Each structure stands twice: as C-alpha cells, then as structure tokens.
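Colleague: everything below, folded, please.
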Amino acid sequence: MTHKPLSSQAIGRKEIVYTVSNMVIGLGILTLPNTIAKNTQFSDGWMSIILGGMIALVFAWAIGVLASRFPGQNYHAMASMILSRKAAHVLTLLISFYLLLFVSYQVRGVSTITRLYLFDNTPEEIIGLIYLLVLIYGVAGPSIALLRLNLIFFPIVVTIMLLIVLLNLGSLNVHYLLPVFKTDWRNIAASSKDTVFSYLGLEIMLFYNIYVVKKGKLPGSILRGLMIPICIYFVVFMFVIGVFGPMVVSNTLYPLAELAKEVEVPGGVFERFEFFFFVIWLMTLFSTNAMAFDVALLALESVFPKHRRFTMILVQAPILFILGLLPSTLRELNIFAEWISYMGIGFAWVLPALLLLIAKVRGVKGNG
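Modeller: Below you'll find the predicted structure:
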C-alpha cells in the first residue's frame, strides 16, 4: 500500500534526525556505562562504544537505503514486493512482536527507576500502570503528532546532557581515564555487543517512511540521527569514568543518574538537580516508547487492516503490562531485556538488510 502524505503530514531531514536520535537514546544510556565498565579497564570502554556504533551505522545505512528504494511505502509493502504477501505478514508480525516486548520492558524499566529516584513510597505496579495509560493516550492519536514532539523534546534532552557534563567538569579526574589500551580485544568485542543493543530503535523509519517526502535524503538523515547518540554515549561514558572512576561505575547500576546527583548549580537554583533531570528524561522516554508502541500498531494495522486501532490498543495494553511484571528480580529483568535486544537485531536489523540484498539482486524497486 502506497501513501502520499499531505505537506502537513510530511517529515523532512530535521524530523528524521531528531526522531532517530530520540528513539535510540532511552533507558540504555542510564545503564550502558555500568555494563561496559564491567568488561573493560579504565576508559577503554570508549572503543566498544565506537565499534558498536560502526556496526549500527552499517545496518542504519541498509535500513535507510531499503526505505528510500520504496518511497511512501511501509515495511509490509516493501516485503510484499520483494518476497510475497504471506512472507510480508510474517516479517511484519515479527517486528511488531519485538516492539511490543520492547515497550513492555520500557514500562517496567521506567517504573523501577522512577520509584528508585522519585516516588520511593509508590508501588512499581501503580507507576507502571499510570505510565502505560499515558502511552495509550499518546498512541491513540495520529502518528505524525508523535514525530512532531521530537522537535520539542530532543533539544531539551541534549541541553540537559550538556548541563550535566559542563557542571561536572570541575569534578573530572583525568587519572581515572588512564592508562589506555589495557583491555583485551575479546572483552572489547563482548562489550560492543551491549553497545549495539543500545542503538536499537532506528528501525522505526521502516514504517515512518510513509511520511518521508525526499527519499534521497533518508539514508543520510538516519546516519546523522544515529551519530548523535554515538557521540552522547561516548561523552557520558568518559565523564562518568572520569568523575567516579572505573571501579565505582562498574558497581553502580545507573551511573548517569548518579552523575546528575553530583551537579551543583551555582546560586542554588536547583538543590536537587536529579529531580529536574528525571522529569526531562521521562519526557524523552515517553516519546521513545510512544513511537515504539505506535510503530508496533502500524505494523499490526498493515497485516490486519480491518481492525480498529483503538481495539488493538485495548487488547495489547493489558498484555504489555503483565509481561513487564513477570521478571521478579533485576537479573531476570536484564535477561528479559537481553532477549528482546537479540530479537531486535534479528527481526529489525538483519531481516531488513537481507530484504535489501534480495531487492538489489532481483532488481525490485518501488514506484519512486
């Protein structure tokens, strides 16, 4: 099915860059420094961030080229033209299943972190339920509205990140960053796996492609959108290592949150900067999770066009909530997240890349 969006429903390069960047930067940045520091020495984890970013850029390019090859069409339509309609149903349902699990994990993660840092007397179930209801409200409207929100939220997030870094500049200890190149390459490669997981999210452009009007700029815009999180991950990792030291970071679950707690604003404007940080971060997570939920629904709508969107939301929401509550310990939650990430790599990156290869071999193109 081909869509020709009106100008008010079209997105350009800026919206694509902001959308990809905002989608990629989520809960992962809170835990990534801790995960990397466990497998690397001193500041050598920056190599894992760059290596993982290079791998992600390859798949980002493949997704961008595939989408630009079929202008105005979603993933289901692309797969139908390259393979068959039945195969497209399977591939689309797989990516929808992955995104729904992703949202379920994110809801649980948001409720856990929010209870830890903001509402310590409120049960996680209540926080998760309220957050899910807000997500339902967000995805009940048009998709283009969620894309427009990125133009508001993303600059605020980048500003907050810069403030955290700049206001902790005086606490930076360069000796924590040295020496370099002390980590075995096997550990660098193992840590790169976790960084690759943190770059998941750019695959949403396979569905938001229906709003892209200038197909030639899509691959470059996606790559630019991914480069921003790579740079942010690099800076955040180096700063948490430089402020706390590798030993502390490897034993701190949310190093970035602790870095925000270290901020002291001159003049005492914000006595507890971390509260301000988490309020802004929740806005970003809402945008990220709403887009993931929205794309999962778009995928289901392309397979089941006769079903109403709100009916699908009402069916999926309780399932998402229950799945998020299933992990009873932090270890089980991490295992849950790891399996979701593996599904994301397979269903949302590898399969679209294979579709692009098949399309090139067969010479299949869209109508652009």
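
Colleague: wait, isn't Ser221 in contact with Thr19?
Modeller: No - between Ser221 and Thr19 there is no contact under CB atoms under 8 Å: 9.1 Å. Bear in mind the C-beta positions are built from the backbone N, C-alpha and C, glycine included.

Colleague: more neighbours: which of these two?
Modeller: Each of Ser221 and Thr19 has its neighbours counted (other CB atoms under 10 Å); Thr19 has more, 29 against 25.

Colleague: can you tell me how far that one is from Ile126?
Modeller: 31 Å (CB to CB, to the nearest Å).

Colleague: again with Asn150
Modeller: Relative to Ile126, and taking CB to CB, Asn150 is found at 28 Å.

Colleague: neighbour-wise, which of those two wins?
Modeller: Just comparing Asn150 and Ile126: by other CB under 10 Å the higher neighbour count belongs to Asn150, 26 against 12.

Colleague: how about low-confidence regions in this protein?
Modeller: Counting by pLDDT under 70, the chain shows low-confidence ranges at 1-8, 265-272, 367-368.

Colleague: pull the longest helix from it.
Modeller: When the chain is parsed with DSSP state H, its longest helix is helix 85-117.

Colleague: which other helices and strands does that helix contact?
Modeller: Packed against helix 85-117, as judged by 3 or more CB pairs under 8 Å, 6 or more residues apart in numbering; DSSP states H and E, are the following elements: helix 75-82, helix 124-139, helix 273-303, helix 309-325, helix 330-343, helix 351-362.

Colleague: now that helix: buried residues?
Modeller: For helix 85-117, a neighbour-count test (16 or more other CB atoms under 10 Å) marks 88-89, 91-96, 98-115, 117 as buried.

Colleague: distance between it and the chain's centre?
Modeller: Helix 85-117 sits 11 Å away from the centroid of its parent chain (CA atoms, centre = their mean, to the nearest Å).

Colleague: got it, and stretch 129-138?
Modeller: Here stretch 129-138 shows a centroid-to-chain-centroid distance of 18 Å under the convention CA atoms, centre = their mean.

Colleague: now do stretch 63-80
Modeller: 21 Å.

Colleague: do the same with stretch 23-43
Modeller: On the basis of CA atoms, centre = their mean, stretch 23-43 sits 14 Å off its chain's mean C-alpha point.

Colleague: please apply the same query to stretch 242-258.
Modeller: Taking CA atoms, centre = their mean, one finds stretch 242-258 lying 22 Å from the centre of the chain it belongs to.

Colleague: repeat that for stretch 59-75.
Modeller: Centroid displacement of stretch 59-75 relative to its chain, using CA atoms, centre = their mean, is 18 Å.

Colleague: the helices and strands packed on helix 85-117: which one's closest to Ile164?
Modeller: Ile164 lies closest, by CB to CB, to one member of the helices and strands packed on helix 85-117: helix 273-303, at 6.9 Å.

Colleague: in the closest one, what counts as buried?
Modeller: For helix 273-303, burial by neighbour count (16+ other CB under 10 Å) applies to 273-274, 276-278, 280-303.

Colleague: and if you look at stretch 120-138?
Modeller: Across stretch 120-138, burial judged by 16+ other CB under 10 Å covers Glu124, Ile127, Gly128, Leu129, Tyr131, Leu132, Leu135, Ile136, Gly138.

Colleague: from Tyr117, how far off is the closest residue to the last one other than its chain neighbours?
Modeller: Pointing back at Gly138 there. Closest residue in space to Gly138, ignoring its immediate chain neighbours: Ala290 at 4.0 Å, by CB to CB, 6 or more residues apart in numbering. The gap separating Ala290 from Tyr117 is 22 Å, by CB to CB.

Colleague: go on, Leu330?
Modeller: Distance from Leu330 to Tyr117, by CB to CB: 15 Å.

Colleague: burial of Gly141, as a residue count?
Modeller: For Gly141, the neighbour count with other CB under 10 Å is 12.

Colleague: does it count as helix, strand or coil?
Modeller: Recorded secondary structure, Gly141: coil (DSSP: H, G, I helix; E, B strand; the rest coil).

Colleague: residues contacting it?
Modeller: Residues near Gly141 by CB atoms under 8 Å, 6 or more residues apart in numbering: none.

Colleague: that one and Ile313, how far apart?
Modeller: To Ile313, Gly141 is 11 Å away according to CB to CB.

Colleague: do the same with Gly128
Modeller: From Gly128 to Ile313 the distance is 16 Å (CB to CB).

Colleague: repeat for Asn168
Modeller: 41 Å.

Colleague: look up how far Leu162 lies from Thr284.
Modeller: 14 Å.

Colleague: let me redo that: Ala79
Modeller: For Ala79, the distance to Leu162 equals 40 Å [CB to CB].

Colleague: higher neighbour count, those two?
Modeller: Taking other CB under 10 Å, Ala79 and Leu162 do not tie; Ala79 has more neighbours (29 against 12).

Colleague: enumerate every residue touching the more buried one.
Modeller: Going by CB under 8 Å, 6+ apart, Ala79 touches Ala87, Ala88, Leu91, Thr92, Leu355.

Colleague: mind putting those in CSV, distance to Val364 included?
Modeller: Putting the contacts of Ala79 into CSV (distance: CB to CB, whole Å) gives the following:
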residue, distance to Val364
Ala87, 13
Ala88, 13
Leu91, 15
Thr92, 17
Leu355, 9
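
Colleague: what's the local residue count around Arg308?
Modeller: If you count neighbours by other CB under 10 Å, Arg308 ends up with 10.

Colleague: no no, Leu202
Modeller: 26.

Colleague: and what of the one 3 residues further on?
Modeller: Counted with other CB under 10 Å, the neighbours of Met205 add up to 28.

Colleague: skipping its backbone neighbours, what lies nearest Leu91 in space?
Modeller: In space, and not counting its chain neighbours, Leu91 is closest to Ala79: 4.9 Å by CB to CB, 6+ apart.
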